[in-house]
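A.B. asks: Give me a 3D structure for the following:
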Amino acid sequence: MGSRAVVVPDQQPRGRGGKQKNGQAEGRNRRVLRDIGNLVPVPTVEEKPQNQISRPKPLAEVVNGGGAVKAAAAAHKKHFDPPKPETVIVISSDEELESEEKKKPVAVIARKSRVGSSRTMTSILTARSKALCGPTTKPKDPIADIDAADADNELAVVEYVEDIYKFYKLTEGESRVHDYMDSQPEINSKMRSILIDWLTEVHRKFELMPETLYLTINIVDRYLSMNAVPRRELQLVGISSMLIACKYEEIWAPEVSDFIVISDNAYVREQILIMEKAILGKLEWYLTVPTPYVFLVRFIKASVPSNDHREEMENMVFFLAELGLMHYPTIILYCPSMIAASAVYAARCTLNSNPLWTETLKHHTGYSEDQLGDCAKMLARFHSDGGGVEKSKLKAVYKKFSSPDRGSVALFPPARSLLLVL
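C.D. replies: Predicted coordinates:
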């Protein structure tokens, strides 16, 4: 903070009578003291206290009422006041670049002018062109609202369906089985495929719900992964698993006697009930699991939001999915949601849907087209290997989806685009 200057009046010569000269002469001979940055004490006389001398007004101020002096003072203040800093507004990145380069050494500026100047100016011009012309990239396809048509359907639970499927995705790993054939001394993957093929035929004869077949396969695999089963009891595990699934899914479940008849009296009632109890004990009664079926229903809806061609797509998707579940490597290598999404992708490739994968499918499945490639190729190979019924002994799935009520989708040629890259 600047020091306050005290102006001390000059000692004027006195006249004969000890009186000062008139105010005009005093105003003409006085000097204006500047701010010297320090306090100057006023000399005093011990005998008499010196009266403070006030500066008289100039004659011009007295005569003209102070108007001229005020104008002169204003002009003087305008002349000597320090200029106020101006606000600098940067309107272009060129000025900012120029000001930054002024602060740097000459060598740095020269090097930048040789190396980065053209790149900087190019990027600036490109940015300005994009701002004027608008975005050049093609916008992504909008995500369709697949639940809009079911807004008034209370059974569709539109308010909770997204949270339900998020929960399915989080918990599908808990009921997924891993490679267990090494722990089965009398059973191999071929025997398992024969069992699933027979259970598919039984499921069709009893006209059961689709959910029952998928839950039956899940129960069979989970029990075989926990307990070693003799070869002679493998079919018993199959019919007991289907009995449990029917009690869980069906309104009118088949009776134990029906399974005895369908198995050609290979087992008695007590054997089926004992195996049923053993399976439930091993699984700890954990039956509410996300099978591929729950994902298939949702992903088919995302694939065909409207009812146009939905039946054909639905039959093809279920055909490929059941082909995959019948083969042991599919359920070992891939989780239920990926099997379902790959079945949808392979079905779209088989039916030549355009595009093969959409943003809506990517959003609801959680998988990109590249992630589904391997599993979809496997399903297409299963379709190709069974193109002729004589090529495969496992005919239940092909018979089921060769019938007119299933759209005869098993007779369609397999996806060529997936087979060419094998």
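A.B. asks: now the stretch 301-422 of the chain, which segments are flagged as low pLDDT?
C.D. replies: Applying pLDDT under 70 to the stretch 301-422 of the chain flags the ranges 305-309, 386-392, 421-422.
A.B. asks: do that again at 80, thanks
C.D. replies: Applying pLDDT under 80 to the stretch 301-422 of the chain flags residues 305-309, 386-394, 420-422.
A.B. asks: what ranges do the helices span in it?
C.D. replies: 310-326, 328-333, 336-350, 359-365, 373-385, 396-402, 416-419 (DSSP state H, counting those that start in this stretch).
A.B. asks: Tabulate these in a markdown table, adding columns for mean neighbour count and distance to Ile194.
C.D. replies: All C-beta atoms are positioned from the backbone trio N, CA, C, and that covers glycine. Below are these laid out as a markdown table (neighbours: other C-beta atoms under 10 Å; distance: least, C-beta to C-beta, whole Å):
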| stretch | mean neighbour count | distance to Ile194 |
| --- | --- | --- |
| helix 310-326 | 23 | 9 |
| helix 328-333 | 17 | 11 |
| helix 336-350 | 27 | 20 |
| helix 359-365 | 19 | 31 |
| helix 373-385 | 21 | 15 |
| helix 396-402 | 19 | 10 |
| helix 416-419 | 16 | 26 |
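A.B. asks: Dump those helices into CSV; add distance to Ala410 as well.
C.D. replies: Output for the helices of the stretch 301-422 of the chain, formatted as CSV (distance: least, C-beta to C-beta, whole Å):
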stretch, distance to Ala410
helix 310-326, 6
helix 328-333, 17
helix 336-350, 11
helix 359-365, 24
helix 373-385, 8
helix 396-402, 4
helix 416-419, 16
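A.B. asks: nearest to Val157, of the ones you listed?
C.D. replies: helix 359-365 (15.6 Å; C-beta to C-beta).
A.B. asks: Outside of the closest one itself, list whatever touches it.
C.D. replies: 140-144, 146, 165, 295, 298-299, 302-303, 305, 337, 340-341, 344-345, 368-369 (C-beta atoms under 8 Å, 6 or more residues apart in numbering).
A.B. asks: buried subset of these?
C.D. replies: 144, 146, 165, 295, 298-299, 302-303, 305, 337, 340-341, 344-345 (16 or more other C-beta atoms under 10 Å).
A.B. asks: could you dump the residues you listed to JSON lines with distance to Met209?
C.D. replies: As requested, the buried ones among the contacts of helix 359-365 are arranged in JSON lines below (distance: C-beta to C-beta, whole Å):
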{"residue": "Ala144", "distance to Met209": "28"}
{"residue": "Ile146", "distance to Met209": "23"}
{"residue": "Tyr165", "distance to Met209": "20"}
{"residue": "Phe295", "distance to Met209": "16"}
{"residue": "Arg298", "distance to Met209": "17"}
{"residue": "Phe299", "distance to Met209": "19"}
{"residue": "Ala302", "distance to Met209": "22"}
{"residue": "Ser303", "distance to Met209": "22"}
{"residue": "Pro305", "distance to Met209": "24"}
{"residue": "Ser337", "distance to Met209": "21"}
{"residue": "Ala340", "distance to Met209": "17"}
{"residue": "Ala341", "distance to Met209": "22"}
{"residue": "Val344", "distance to Met209": "21"}
{"residue": "Tyr345", "distance to Met209": "25"}
